[in-house]
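>>> Quick one: sequence and predicted model below, then my questions.
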Amino acid sequence: MPVVTSAKVAWALSVLYSGALRATVVIAAAWIALRLLRGASAAARSAVCAAALVALATLQLLRGVPLGWAAEIPAAVAGPFATLGAVGIASSAAAAGAHYESLGRVSEELVTTYPRVLAALLALWAAGAAAVLLALGRGAVAARRIAARSAAMHDAGWLRLLGEARAALGVRRPVRLLRDAAPWTPLTWGVRRPVIVLPAAADGWPEAHRRAVLLHELAHVGAADALAGVLARLACAALWFHPGAWWL
């Protein structure tokens, strides 16, 4: 195996390993928090999960920083920190740099010893991540198709209830209200331009049921659940082999 290819595989494996460890810490913290909040509201527990998902997605992005950068940063900041008397911080940074350097060397040794096995594992991870991202893309396409074939709701009663529900929940973004001919249950998606799709049978619902449905769907909009869902899929794409990511 060429040296350049081995180095790239070693770096990728190091990134996956360190990312999985960080994710395990975040997921464990979320699990503990949810255990402590068993009697709390669903909104509070959902906020914990959303925060953990944001942390997971952020960590998966940050873990892509080349290992060489992580090793060079401590050397660059150690001098100024030592001058300021922050010896403890500088030594911690140096220890982190040494850890990454050691991890990189171990990965390169493994790739040199088992090149085909580790390359196959890396390809397997890429295939799993691509499958999850493909499912996410198919869902987005399906949502666009539903919105394209649905008709806009112009009924004054529905629009009045929608305005009242938005005011009650403090949802300032405009929300499109659509009707679909297929026997769907109410659906909601969209981050910047949220959409609520109601089944055709919704016209026969009593006003109290209409209001309850709109409040429920708008609660998803107000809590940015669509964004949380995308973050969840991105985290699962990077960590599809980690059971904790799917649980979260």
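Great, that's in hand. Numbering: from 1, shown residues only.

>>> Tell me, please, the helix or strand in this structure that averages the lowest pLDDT.
helix 67-83 (a mean of 39; mean pLDDT, DSSP states H and E).

>>> Of all the residues in stretch 116-130, which ones are buried?
By neighbour count with 16 or more other C-beta atoms under 10 Å, stretch 116-130 contains the buried residues Leu118, Ala119, Leu121, Leu122, Trp125, Gly128, Ala129. Any C-beta I mention is one placed from the backbone N, CA and C, and that applies to glycine too.

>>> wait, which of those is closest to Ala224?
Ala129 (24.0 Å; C-beta to C-beta).

>>> Which residue, other than its chain neighbours, is closest to that closest one?
Closest residue to Ala129 apart from its sequence neighbours, by C-beta to C-beta, 6 or more residues apart in numbering: Ala237 at 4.6 Å.

>>> picking that back up, can you redo the buried residues of stretch 116-130 as a markdown table with pLDDT, distance to Gly163 and secondary structure?
Compiled in a markdown table, the buried residues of stretch 116-130 are given as follows (pLDDT from 0 to 100; distance: C-beta to C-beta, whole Å; DSSP: H, G, I helix; E, B strand; the rest coil):
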| residue | pLDDT | distance to Gly163 | secondary structure |
| --- | --- | --- | --- |
| Leu118 | 72 | 58 | helix |
| Ala119 | 75 | 58 | helix |
| Leu121 | 80 | 54 | helix |
| Leu122 | 81 | 53 | helix |
| Trp125 | 89 | 48 | helix |
| Gly128 | 94 | 45 | helix |
| Ala129 | 93 | 42 | helix |
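
>>> where are the low-confidence patches of this protein?
1-15, 60-115, 183 (pLDDT under 70).

>>> Where do the strands of it begin and end?
For the chain, applying DSSP state E gives strands covering 151-152, 176-180, 187-189, 195-199.

>>> Out of those, flag the one nearest Gly137.
strand 187-189 (13.7 Å).

>>> can you list contacts of the closest one?
Applying C-beta atoms under 8 Å, 6 or more residues apart in numbering, the contact partners of strand 187-189 are Ala143, Ile146, Pro194, Val195, Ile196, Val197, Glu217, His220, Val221, Asp225, Ala226.

>>> from those, which is closest to Leu36?
Asp225 (22.6 Å).

>>> so what's that closest one up against?
Ser46, Thr188.

>>> and what of Ala235?
Contact partners of Ala235, counting by C-beta under 8 Å, 6+ apart, are Ala23, Leu53, Leu56, Ala57, Gln60, Ala245, Leu248.

>>> so which two of the residues you listed are the farthest from each other?
Greatest spatial distance among the contacts of Ala235 (C-beta to C-beta): Gln60 and Leu248, at 13.0 Å.

>>> Any idea how many residues pack against the closest residue in space to Val54 that isn't next to it in sequence?
Spatial nearest neighbour of Val54, chain neighbours left out: Leu231 (6.2 Å); criterion: C-beta to C-beta, 6+ apart. Using other C-beta atoms under 10 Å, Leu231 is surrounded by 20 other residues.
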